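J.: how does the following fold in three dimensions:
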Amino acid sequence: MNLSQLLPIILYLLLIAGIGVWAALDQKRSATGKKTENYFVGGRRLGPFVLIFTILASAASAGTFIGGPGLGYDSGLSWVLMGLFQTPTALLTVGLLGKKYAILARKLNFYTFIDFFKERYTNKFVVIVAAVGIIIFLTAYMVAQYAGGAHILNSVTGVSYSTLVWVFAAIVALYTAFGGFMGASINDTAQGIIMFVGSIVLWFGVFMYLGTPTPLDHEFAVRFPDLVTLPGGIDATPANFVSYSVIFGLLIVAMPHTAVRAMSYRDSVTAHRTMIWSPLVMAVFSLGFAVMGVVARLIDASLDNPDLAIPTLISTTMPGPLGGALFAAPLAAIMSTVSSMLLIVSGAVVRDVYNNFFNTKLGDSSRARLSMVVSLIIGFIVLLIALKPPPALELIVIFAISGLGATFFVPLIGGLYWSRGNGSGAAVSMVSGLVWYIIGEQWLPGLGFGFQPVVTAILVAAVTYVVVSLVTPPPARETLIKFWGTYREIQNLEANHEGE
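T.: Reported below is the predicted structural model:
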């Protein structure tokens, strides 16, 4: 066990636990009638600094700090170019969903990702498909996060894999369950700062170790020609560039754990500043670490496991406590992503399934308390699965991201900007996009027509959404008023319902 590297990690975990205690007290202090809003969207009071880091930290998973650099090590600069598409994550999340998403969330009291689909499409099948998809895909995603990060830290610190999984699961489940959205968001901010500073410190450490600020020079190109030319090991063809731009660029908007952040910010100034500054921060996260993966070839050109590229760089160039502090970066990425997903899954279970179909009279305080319990239970289930994880974890992550995108992207964007879209179109779109993706990914890759199958799945989802919506009755007038009407029209509508 490497105690000098383990101590900073322990201090980091204590910091995260302390923030969780503060957030739990904040949740307890929230006013009656506002507890659900505070638990799921933080009372819609996030400023630009917190919004930037909570979006980016929840989107930047262990793949950004472990898997991405591993692909850079294996495939070279071609993968770094692919990583470019991840830089506008927050810009697209806030910009594409836009003010309309946040305004609707306030007008119609949306607290969860599925609240939008429930009110926009008034179709129980849409709600059920959405909830089941979220529970399955995000649970698989969380298992992969825990297992991948624990394996890496186990190889470096010497702490047993099972112990690391227990520690991750316990801390994340506790601060998420009791602190809710604010606990996750403030922790995301602390974790995002650690990621940002850690990446810059690692760059300087590598420069000092190698004695040059430009390690990818002519000598590197001579030694590793395949790493500096296209298509590289990742087969960076034009079709793959388009595919990865869709997966890492557009589809991130439809990830429930990032999209919900777009309904939680304080005001339009916050949104504008987030769109301006977030690409710079994300470039440091994604591009910085991906390039470091390529540079790791100069430290050790024969790693058996490419995912050890960043741990190898840290251990070699920064041994001791500073190295341990840097290992907090991938740990932070894992914990921030999982905490965001726990909230989404607990919201799907409590508010979108139980509250909608089994107990419609569930009160505000009871809903918040039940959400805490469900978050703890889900965290424990993820823990049990992660103790003996399934194989091919990276494939599970890609499958989860693409599956969520194929299911949600079209009805989310269509529901926001096309008033003719209806529940029938959304239902067929969600099912057809998901089925097309699964068949193309698992059995008939030709369905991708040279692209990744998720690209054509999105096109199929879009076509079915439009066609089915046009051949079936339009949305009810009540829905159109809710989503495109004024506050006065909505109030009149509510008054009419109360009168009935």
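
J.: any idea what sits nearest residue 424, other than its immediate chain neighbours?
T.: Leaving aside its sequence neighbours, residue 424 sits nearest to residue 472 (C-beta to C-beta, 6 or more residues apart in numbering; 4.3 Å). All C-beta spots, glycine's among them, are computed from the backbone N, C-alpha and C.

J.: how much space between that neighbour and residue 432?
T.: Residue 472 is 15 Å from residue 432, where distance means C-beta to C-beta, to the nearest Å.

J.: one step back: surely the residue nearest to residue 424 meets residue 420?
T.: No. With contacts counted by C-beta atoms under 8 Å, residue 472 stays clear of residue 420, the gap being 10.1 Å.

J.: returning to what we had before: which of residue 472 and residue 432 has more residues huddled nearby?
T.: Neighbour count, other C-beta atoms under 10 Å: between residue 472 and residue 432, residue 432 has more, with 21 against 12.

J.: apart from its chain neighbours, what residue comes closest to that one?
T.: Nearest to residue 432 is residue 464, by C-beta to C-beta, 6+ apart, at 4.7 Å.

J.: and the one you found, how far from residue 326?
T.: Taking C-beta to C-beta, one finds residue 464 at 47 Å from residue 326.

J.: just for the stretch 201-350 of the chain, where's the confidence low?
T.: For the stretch 201-350 of the chain, residues meeting the criterion pLDDT under 70 lie at 233-234, 329, 332-333.

J.: could you pull out the helices for it?
T.: Taking DSSP state H, counting those that start in this stretch to define them, one finds helices in the stretch 201-350 of the chain at 218-223, 238-245, 256-259, 268-299, 309-317, 321-326, 328-347.

J.: tell me who's in contact with residue 13.
T.: 167, 171 (C-beta atoms under 8 Å, 6 or more residues apart in numbering).

J.: again, 10 Å this time
T.: 167-168, 170-171, 328, 331, 335 (C-beta atoms under 10 Å, 6 or more residues apart in numbering).

J.: likewise residue 102?
T.: Counting by C-beta under 10 Å, 6+ apart, residue 102 has contacts 41, 44, 94, 110, 261-268, 270-271.

J.: if we use 6 Å, what do you get?
T.: residue 263 (C-beta atoms under 6 Å, 6 or more residues apart in numbering).

J.: and if you look at residue 386?
T.: Residue 386 makes contact with 143, 146-147, 165, according to C-beta under 6 Å, 6+ apart.

J.: tell me the helix or strand right after the lowest-mean-pLDDT helix or strand in the chain.
T.: Least confident helix or strand of the chain, by mean pLDDT, DSSP states H and E, is helix 35-41 with a mean of 57. As assigned by DSSP states H and E, the chain's next helix or strand after helix 35-41 is helix 48-59.

J.: what angle sits between that next one and helix 268-299?
T.: 50 degrees (axes from the mean of the first three to the mean of the last three C-alpha atoms, to 10 degrees).

J.: same for helix 48-59, what does it pack against?
T.: Contact analysis of helix 48-59 by 3 or more C-beta pairs under 6 Å, 6 or more residues apart in numbering; DSSP states H and E lists helix 89-108, helix 161-210, helix 256-259, helix 268-299, helix 328-347 as its packing neighbours.

J.: any chance of CSV for these, columns distance to residue 412?
T.: Below are these laid out as CSV (distance: least, C-beta to C-beta, whole Å):
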stretch, distance to residue 412
helix 89-108, 8
helix 161-210, 20
helix 256-259, 7
helix 268-299, 18
helix 328-347, 14
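
J.: since we're on residue 470, how many residues are nearby?
T.: Neighbours of residue 470 using other C-beta under 10 Å come to 12.

J.: what helix or strand is it on?
T.: Short version: residue 470 belongs to helix 453-471, going by DSSP H and E.

J.: tell me which residues are up against the helix or strand that that helix is followed by.
T.: Going down the chain from helix 453-471, the next helix or strand is helix 477-484, by DSSP H and E. Contact with helix 477-484 is made by 419, 489, 493, as judged by C-beta under 6 Å, 6+ apart.

J.: likewise stretch 89-99?
T.: Under C-beta under 6 Å, 6+ apart, the answer for stretch 89-99 is 55-56, 59, 252-253, 258, 262, 271, 274-275, 278-279, 282.

J.: CA atoms only for stretch 205-214 - export them in PDB, please.
T.: What follows is stretch 205-214, C-alpha atoms only, in PDB (Å, rounded to 0.1, in the frame of the first residue of the first chain):
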ATOM      1  CA  GLY A 205       5.200  17.800 -14.200                       C
ATOM      2  CA  VAL A 206       5.500  15.900 -17.500                       C
ATOM      3  CA  PHE A 207       7.300  18.900 -19.100                       C
ATOM      4  CA  MET A 208       9.800  19.100 -16.200                       C
ATOM      5  CA  TYR A 209      10.400  15.300 -16.300                       C
ATOM      6  CA  LEU A 210      11.000  15.200 -20.000                       C
ATOM      7  CA  GLY A 211      12.900  18.500 -20.100                       C
ATOM      8  CA  THR A 212      10.800  20.000 -22.900                       C
ATOM      9  CA  PRO A 213       7.400  21.800 -23.300                       C
ATOM     10  CA  THR A 214       7.000  20.200 -26.700                       C
END
